[in-house]
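> Kindly return the folded structure for what I paste below:
(one chain, ligands or ions: 1)
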Amino acid sequence: MTEIVKVLGLQKRFGKFKALHDVSFTVNAGEVVGFIGPNGAGKSTTIRTLLGIINRDAGDAKIFGKDVWKDSLEIHKRISYVPGDVALWGSLTGGEIIDLFMKLHGGGDQQKRDYLIQRFELDPKKKSKGYSKGNRQKVGLIAALSVDSDLYIFDEPTSGLDPLMEAVFQDEVETIKHAGKAILLSSHILSEVERLADKVVIIRQGKVVEVGTLDELRHLTRSTVTLVTQSNVAKMASVNGVHDFKQSGNQATFSADNEFINDILSEAAKLGVKKFESVPPTLEDLFMRHYEV
Ligand SMILES: Nc1ncnc2c1ncn2[C@@H]1O[C@H](COP(=O)(O)OP(=O)(O)OP(=O)(O)O)[C@@H](O)[C@H]1O
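From the prediction side, this is the model:
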């Protein structure tokens, strides 16, 4: 596995305020890493550090094995970045801006550009000052996806896009992922992260609190079980690993610890199972686990 981004113990202070306490994660080639956390958690500060816009106070941050601060010019030749609020030159058309971005990056694929303009349904002839927020995002996304980068950094890339266009973005991310590119995706749209991310990094108050695949993270949280049995289901309430037990007739719903699922199943079997449905936690459930007060 080729390590594209490696961040270790990143720290950043703005005056007296410490925005990053301890941020560590990696992004490998062919991998989408979802970077999630509430407002002010430090996502953009981490990304701006990776882009060499601000320098860290401590820790290590490398892209392609090079230092993000010292070697930023070299690194930039091989990365695409789309912020959550793409700023454009108002007097240029969307098409001209896409071409300019592509030239600045050293070329790009004209066919891909035209294809993406069509897929994102952008009118490239309109002056960008007339574009809505969503259309400005499309310009940034089309430019970023039309050039051949090894790392794509997206910071809230779909803010302002409608669900259809969000789906187009997600398809395109899957395409570049399968082409072996590395993708760091910061997003508040957890369903988007859930669909795309191989690995999730959860940040809170400048510290990474969880890193892992969705399956690994799911394992930490209880599943929701609906059970219908032939005999009285009430006995299930006292089985190890069963929580929040609710009964209605012979149907029970409860949350179940994953490590006890075997015991739960065998106890349920003794009562004659008519229905057993287990729903794993969504990314939103996992996320809320860290933020519920
Ligand atoms: N230049 C700066 N000067 C002072 N404080 C800053 C600066 N940039 C960021 N911060 C602070 O650092 C913290 C982290 O901000 P950051 O923008 O990284 O959060 P975020 O996770 O991207 O949040 P959001 O989801 O709202 O974009 C915030 O408390 C923010 O106010």
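
> CA atoms for contacts and neighbours, from now on please.
Noted.

> Please report phi then psi for Leu184.
phi -110, psi 120 (degrees, to the nearest 10).

> Make residue 1 into 54 and carry on from there
Got it, first residue is 54 now, which makes that one Leu237.

> Do a quick rundown of the strands in the stretch 154-303 of the chain.
In order along the chain, the stretch 154-303 of the chain carries the following strands (DSSP state E, counting those that start in this stretch): 204-208, 235-239, 252-257, 260-265, 276-282, 295-301.

> Can you check which of those gets nearest to Asn92?
For Asn92, the closest of the strands of the stretch 154-303 of the chain is strand 252-257, at 9.2 Å, according to C-alpha to C-alpha.

> Can you tell me which of the strands of the stretch 154-303 of the chain is most buried?
Per residue and on average, the most neighbours among the strands of the stretch 154-303 of the chain fall to strand 235-239, with a mean of 26 (mean count of other C-alpha atoms under 10 Å).

> In JSON lines, list the strands of the stretch 154-303 of the chain along with mean pLDDT and distance to the ligand.
Shown next, in JSON lines, are these (pLDDT from 0 to 100; distance: least, C-alpha to the nearest ligand atom, whole Å):
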{"stretch": "strand 204-208", "mean pLDDT": "96", "distance to the ligand": "8"}
{"stretch": "strand 235-239", "mean pLDDT": "97", "distance to the ligand": "8"}
{"stretch": "strand 252-257", "mean pLDDT": "94", "distance to the ligand": "8"}
{"stretch": "strand 260-265", "mean pLDDT": "92", "distance to the ligand": "11"}
{"stretch": "strand 276-282", "mean pLDDT": "94", "distance to the ligand": "28"}
{"stretch": "strand 295-301", "mean pLDDT": "95", "distance to the ligand": "32"}
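
> ok but Gly137 is inside a helix, no?
No: residue assignment for Gly137, taken from DSSP: H, G, I helix; E, B strand; the rest coil, gives coil, which places it outside any helix.

> possible to save the strands of the stretch 154-303 of the chain as TSV with distance to Tyr168?
Supplementary listing: the strands of the stretch 154-303 of the chain in TSV, determined by distance: least, C-alpha to C-alpha, whole Å:
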stretch	distance to Tyr168
strand 204-208	19
strand 235-239	21
strand 252-257	29
strand 260-265	34
strand 276-282	42
strand 295-301	51
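
> Stretch 104-112 close to the ligand?
No: under the criterion of C-alpha under 6 Å from any ligand atom, stretch 104-112 makes no contact with the ligand; the nearest approach is 8.8 Å.

> how far does that stretch sit from the chain's center?
22 Å (C-alpha atoms, centre = their mean, to the nearest Å).

> Nearest the geometric middle of the protein, what residue?
The geometric centre of the chain, computed from its C-alpha atoms, lies nearest to Gly87 (C-alpha atoms, centre = their mean), at 2.4 Å.

> The ligand versus that one, what's the distance?
From Gly87 across to the ligand, the span is 13 Å (C-alpha to the nearest ligand atom, to the nearest Å).

> Touching, that residue and Ala235? I think so.
No: with the criterion set as C-alpha atoms under 8 Å, Gly87 and Ala235 do not qualify as a contacting pair; they are 11.3 Å apart.

> Can you name the residues of this protein that neighbour the ligand?
Taking C-alpha under 6 Å from any ligand atom as the measure of proximity, the chain contacts the ligand at 67, 72, 91-98.

> Listing request: residues of this protein with sub-threshold pLDDT.
344-346 (pLDDT under 70).

> about what we covered before: now that we have the residues of the chain next to the ligand, which of them are buried?
Those of the residues of the chain next to the ligand that meet the buried threshold are 72, 94-98, by 16 or more other C-alpha atoms under 10 Å.

> Going by distance to Gly143, which of those residues wins?
So of these, ranked by how close each gets to Gly143 (C-alpha to C-alpha), first place is Ser97, at 24.9 Å.

> host element of the closest one?
Counting by DSSP states H and E, the element that carries Ser97 is helix 96-103.

> got the contact list for that helix?
The contact list for helix 96-103, computed with C-alpha atoms under 8 Å, 6 or more residues apart in numbering, reads 72-73, 76, 88-90, 107-109, 114-116, 121-122, 206, 208, 239, 256.

> Buried among those residues? Make that a PyMOL selection.
A single PyMOL command is used to select the members of the contacts of helix 96-103 judged buried by 16+ other C-alpha under 10 Å:
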select buried, resi 72+73+76+88+89+90+108+109+114+115+116+121+122+206+208+239+256
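
> Serialize the buried ones among the residues of the chain next to the ligand to a markdown table and add fields for distance to Ile150.
As requested, those are arranged in a markdown table below (distance: C-alpha to C-alpha, whole Å):
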| residue | distance to Ile150 |
| --- | --- |
| Ala72 | 33 |
| Ala94 | 32 |
| Gly95 | 30 |
| Lys96 | 27 |
| Ser97 | 24 |
| Thr98 | 26 |
